[in-house]
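*Asks:* here is a sequence with its predicted model. Questions after.
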Amino acid sequence: MAEYTLSYVLTTYNKLPYLQQVLERLIAARQPDEEIVVADGGSKDGTPEYLRGLYEAGKIQQFVSERDKGEAHGFNKCMLMARGELIKIITDDDAFCYPAIREAKSFMLAHPEIDVLSGNTGLIHLEDLGKATIYDDVADNFQRWLNSKAVVWMIGLPLIIRRKSLALTGLFHTGVVQVDTEFTYRITSLNVNLAWSTAMLSVRIENPQSNFRVMNQGKAQKASALEANRMRFYYDKSISDSVGDFVKHKSGWMDAIKKPIRPAKRVLYSLLRLKQYQGNQGRTTSFTGEMPTDNMAKLATAFDVCDQFMATYNAEHPTEFYYKSDQLTKVLS
């Protein structure tokens with residue numbers, strides 16, 4: 001039997017103010033049968049000293065601080081160090097709902113056939129805390145996989161991975177920036193048993209140091225889309241090297257043709273009262289005041305807003321789990 005039921009694995013690099021917000025909440029939420037494992041990529045902002053203090057105080061169970069080769073390398077080190085039956089991915093600048101994570105943990109422990117679990121994620125911009133977005137497209141992607149085994153991408157923030165299932169899923173790819181996109185394309189192309197929690201497990205806090213924003217700066221503004229397409233074309237075997245598939249999926253011609261007619265299509269669908277895709281839906285948050293000017297107070301406010309948003313969403317939406325077992329789709333309350 002594993003020494004712990006769950007290992008929280010976290011990577012960080014030069015984001016100490018964000019990391020302090022994340023670890024403060026994680027340490028407060030950690031249960032006796034859970035451990036916290038942190039890989040620091042050799043930060044120069046006081047992170048190694050901060051982690052050493054937490055370790056010596058018994059607040060985190062394992063950590064390493066040394067130069068690495070990126071986020072995937074750090075996560076892989078953590079996963080190989082982890083002693084828990086399950087592994088929960090934690091990032092150093094985003095918010096997580098620990099009651100929902102514990103609920104998902106109980107589900108996975110009761111269903112050892114599940115390899116990986118994902119769930120709902122929100123998005124809040126640090127510069128605009130009054131608005132939030134829910135990644136409805138990711139939930140739709142999971143349903144596509146569940147119904148037809150489509151090869152799809154999902155966000156990494158809510159992921160919980162069974163440690164012994166790493167032999168099937170593999171570790172994270174150290175040659176890409178969008179680690180979670182590659183991992184989820186990969187596992188949905190394999191015979192991996194996935195589950196989905198309808199609870200809000202995490203909120204991505206878009207900020208100046210976010211990987212996505214840094215990756216798409218300047219002339220590289222389409223870098224994330226290009227990298228994601230390369231992954232999709234590699235893993236999705238339904239897309240061949242034929243001329244037809246090149247035109248439809250790879251050339252960009254179809255999108256160029258559709259773009260100018262989309263506004264007219266929306267008007268027509270509205271007139272005919274036909275259902276149409278609206279994109280990820282925006283919602284308001286509890287934030288109504290002014291953002292503090294002090295940086296630490298600003299980050300604390302952002303994390304508090306995210307915590308409240310997740311708690312409110314989960315209180316209004318009873319959790320269900322979607323998965324496949326013995327080729328039958330089941331829904332459990």
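*Replies:* Received it, and whenever you're ready, just let me know what you need. Numbers count the residues shown, from 1 in each chain.
*Asks:* residues of stretch 77-96 that come out buried?
*Replies:* 77-79, 81-82, 84-96 (16 or more other CB atoms under 10 Å). Quick note: C-beta positions are derived from backbone N, CA and C, even for glycine.
*Asks:* which ones among those residues are found in strands?
*Replies:* 84-90, 95-96 (DSSP state E).
*Asks:* farthest pair within those residues?
*Replies:* The most widely separated members of these, counting by CB to CB, are 85 and 95 (24.6 Å).
*Asks:* which one of the ones in strands among the buried residues of stretch 77-96 is nearest residue 125?
*Replies:* Using CB to CB, these come closest to residue 125 at residue 95, 12.9 Å.
*Asks:* so how far is residue 7 from the closest one?
*Replies:* 19 Å (CB to CB, to the nearest Å).
*Asks:* what does residue 273 give?
*Replies:* Taking CB to CB as the measure, residue 273 falls 50 Å from residue 7.
*Asks:* out of these two, which sits in the more crowded spot?
*Replies:* Just comparing residue 273 and residue 7: by other CB atoms under 10 Å the higher neighbour count belongs to residue 7, 25 against 7.
*Asks:* correct me, but the more buried one touches residue 160?
*Replies:* No. Look at residue 7 against residue 160 with CB atoms under 8 Å: they stay out of range, at 10.2 Å.
*Asks:* and for those two, which residues touch both?
*Replies:* Between them, residue 7 and residue 160 share these contacting residues under CB atoms under 8 Å, 6 or more residues apart in numbering: 86-88.
*Asks:* now tabulate the residues you listed in TSV and tack on distance to residue 154 and pLDDT.
*Replies:* Shown next, in TSV, are the shared contacts of residue 7 and residue 160 (distance: CB to CB, whole Å; pLDDT from 0 to 100):
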residue	distance to residue 154	pLDDT
86	17	98
87	16	98
88	15	98
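*Asks:* tell me, which strand in the chain spans the most residues?
*Replies:* Max-length strand for the chain by DSSP E is strand 194-206.
*Asks:* okay, now the sheet partners of that strand, with direction.
*Replies:* The pairing partners recorded for strand 194-206 under DSSP bridges are strand 95-96 (antiparallel), strand 116-125 (parallel), strand 321-325 (antiparallel).
*Asks:* pLDDT (mean, whole number) over it?
*Replies:* Averaging pLDDT along strand 194-206 gives 97.
*Asks:* any idea how far the helix ranked longest in the chain is from the chain center?
*Replies:* Assignment by DSSP state H gives helix 295-316 as the longest helix of the chain. Centre-to-centre, helix 295-316 and its host chain are 17 Å apart (CA atoms, centre = their mean, to the nearest Å).
*Asks:* do the same with stretch 225-244
*Replies:* 22 Å.
*Asks:* ranges for the helices of the chain?
*Replies:* Secondary structure of the chain (DSSP H): helices located at 16-29, 47-56, 71-81, 98-110, 136-148, 166-169, 179-188, 211-215, 223-235, 243-245, 253-258, 262-271, 295-316.
*Asks:* go through the ones you listed and pick out the most buried.
*Replies:* helix 179-188 (a mean of 23; mean count of other CB atoms under 10 Å).
*Asks:* shaky segments in the stretch 1-150 of the chain?
*Replies:* Scanning the stretch 1-150 of the chain with the threshold set as pLDDT under 70 gives 1.
*Asks:* how far does stretch 86-105 stretch from one end to the other?
*Replies:* Terminal residues of stretch 86-105 lie 8 Å apart, using CA to CA, to the nearest Å.
*Asks:* got it, and stretch 48-64?
*Replies:* Stretch 48-64: ends 8 Å apart by CA to CA.
*Asks:* contact partners of that stretch?
*Replies:* Counting contacts by CB under 8 Å, 6+ apart, the residues outside stretch 48-64 that touch it are 16, 19-20, 23, 27, 35-40, 42, 65, 77, 81.
*Asks:* go with 6 Å
*Replies:* The contact list for stretch 48-64 (CB atoms under 6 Å, 6 or more residues apart in numbering) reads 27, 35-40, 65, 81.
*Asks:* just the buried members of these?
*Replies:* 35-40, 65, 81.
*Asks:* tell me which of the residues you listed is nearest to residue 238?
*Replies:* residue 39 (36.0 Å).
*Asks:* apart from its neighbours in sequence, what residue is nearest residue 169?
*Replies:* Distance criterion CB to CB, 6 or more residues apart in numbering; nearest residue to residue 169, sequence neighbours excluded, is residue 187 at 5.1 Å.
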